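>>> Any chance you can model this:
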Amino acid sequence: MATTRTASTAWEGGLLDGKGLVTFASSGIGEYPVSWPSRAEQANGKTSPEELIAGAHSACFSMALSHGLTGAGTPPTKLETRADVTFQPGEGITGIHLTVTGDVPGLDEAGFVKAAEDAKANCPVSKALAGTTITLTAKLA
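Below is the predicted model:
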């Protein structure tokens, strides 16, 4: 069964001097301020589209990797995934780097890296971001 999740943004003002509020309607987890300076300069307590993408990508990748490892008979005890999304004003998103460390009993480093590469290529968020260069560093804890 398909699911749809909803978020919205209310924006006031121009790009450089305006501000917005992102609301996560489906989950009700809250409202988060966003602005151009928080995107192109320092976060200063506000989020950005790139941070939101990083959160989505790190969660999706972790789920896909966990699923793949479990299906191969080596369920992870713990996965820690970081997604770094780079934004260059005037160019856009120029790359995403995933870093994952895993505690996976019974699996060697080569097997973990292979499973992580598969998750990177096949998680739904990676597929949605296929127009962006996505790199990976994977290692066992």
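>>> middle-most residue in the protein, spatially?
residue 57 (2.2 Å; C-alpha atoms, centre = their mean).
>>> Please name every helix or strand in contact with the helix or strand containing that one.
Assessed by DSSP states H and E, residue 57 sits inside helix 49-71. Using 3 or more C-beta pairs under 8 Å, 6 or more residues apart in numbering; DSSP states H and E as the contact test, the elements touching helix 49-71 are strand 78-88, strand 92-103, helix 109-122, helix 124-128. For the C-beta atoms, the positions are set from N, CA and C on the backbone; glycine is no exception.
>>> quick one: it to chain centroid distance?
Relative to its parent chain, helix 49-71 has a centroid offset of 6 Å by C-alpha atoms, centre = their mean, to the nearest Å.
>>> wait, what's in contact with the residue nearest to the centre of the chain?
Contacts for residue 57 (C-beta atoms under 8 Å, 6 or more residues apart in numbering) come out as 83, 85, 96, 98, 123, 125-126, 129.
>>> which of those residues lies closest to residue 72?
Nearest to residue 72 among the contacts of residue 57: residue 123, at 15.9 Å, using C-beta to C-beta.
>>> burial of that closest one, as a residue count?
By the criterion of other C-beta atoms under 10 Å, residue 123 has 24 neighbours.
>>> Chain neighbours aside, what residue packs nearest to it?
residue 64 (3.7 Å; C-beta to C-beta, 6 or more residues apart in numbering).
>>> likewise residue 120?
residue 136 is the one closest to residue 120 (C-beta to C-beta, 6+ apart), at 4.9 Å.
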